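**Q** Sequence and predicted structure, then a few things I'm wondering about:
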Amino acid sequence: MQFTTKPFQIIFTAGALLVLAACGGAPSEGDIKTAFEKQIVADAKAMEQMGGKQAAGMMKGLLPEIKSVKKIGCKEDGENAYKCDVEMEVTQMGSTNKGIVPIRFVKGSDGWMASK
């Protein structure tokens with residue numbers, strides 16, 4: 001019986017391709033939610049800088065709270081960028097709304113960011 005390494009090479013190559021494929025590609029639902037949460041935090045900091053802590057406290061109720069995020073689908077839209085349809089449930093000023101919105105995401109040095 002002759003031992004060949006061919007099956008092991010095929011398995012190793014397939015495994016390596018799967019690992020590399022996971023490193024790139026469109027943002028996940030978790031990436032999308034994190035990108036929105038980062039944007040909300042940045043907006044809150046901007047409010048605080050403009051109007052002080054008291055104004056930021058009053059304005060906090062105006063900022064949206066993300067209840068759920070579901071990625072419907074994404075298409076490439078340039079280098080490190082994807083245009084995604086995202087179903088979101090958001091509560092803002094006591095009202096909860098759910099809908100599908102098209103949003104462009106760009107992968108930067110700090111991860112995915114929502115872009116205009």
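**A** Yes, it's here. Worth saying up front: this structure is predicted, and the values here are computed from it rather than measured. Numbers count the residues shown, from 1 in each chain.
**Q** Centroid-nearest residue for the chain?
**A** Nearest residue to the geometric centre of the chain (Cα atoms, centre = their mean): residue 32, 1.8 Å.
**Q** how about the nearest residue to that one, chain neighbours excluded?
**A** residue 69 (5.3 Å; Cβ to Cβ, 6 or more residues apart in numbering). The way it works is simple: take the backbone N, C-alpha and C, and place the C-beta from them, glycine included.
**Q** The residue nearest to the centre of the chain: which element?
**A** Secondary structure assignment for residue 32, by DSSP states H and E: helix 29-59.
**Q** Show me what that helix is packed up against.
**A** strand 65-76, strand 81-92, strand 95-108, strand 111-115 (3 or more Cβ pairs under 8 Å, 6 or more residues apart in numbering; DSSP states H and E).
**Q** again, 6 Å this time
**A** Packing partners of helix 29-59 (3 or more Cβ pairs under 6 Å, 6 or more residues apart in numbering; DSSP states H and E): strand 65-76, strand 111-115.
**Q** Turn those strands into JSON lines, columns for mean pLDDT and distance to residue 42.
**A** Listed next are the helices and strands packed on helix 29-59 as JSON lines, based on pLDDT from 0 to 100; distance: least, Cβ to Cβ, whole Å:
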{"stretch": "strand 65-76", "mean pLDDT": "96", "distance to residue 42": "14"}
{"stretch": "strand 111-115", "mean pLDDT": "93", "distance to residue 42": "10"}
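**Q** Looking at these, which one is packed in the most?
**A** Across the helices and strands packed on helix 29-59, averaging neighbours per residue (mean count of other Cβ atoms under 10 Å) puts strand 111-115 on top, at a mean of 17.
**Q** That strand: partners in the sheet, and parallel or antiparallel?
**A** Strands that pair with strand 111-115, judged by DSSP bridges, come out as strand 95-108 (antiparallel).
**Q** what residues does the partner strand touch?
**A** Applying Cβ atoms under 6 Å, 6 or more residues apart in numbering, the contact partners of strand 95-108 are 27, 77, 80-87, 89-90, 112-115.
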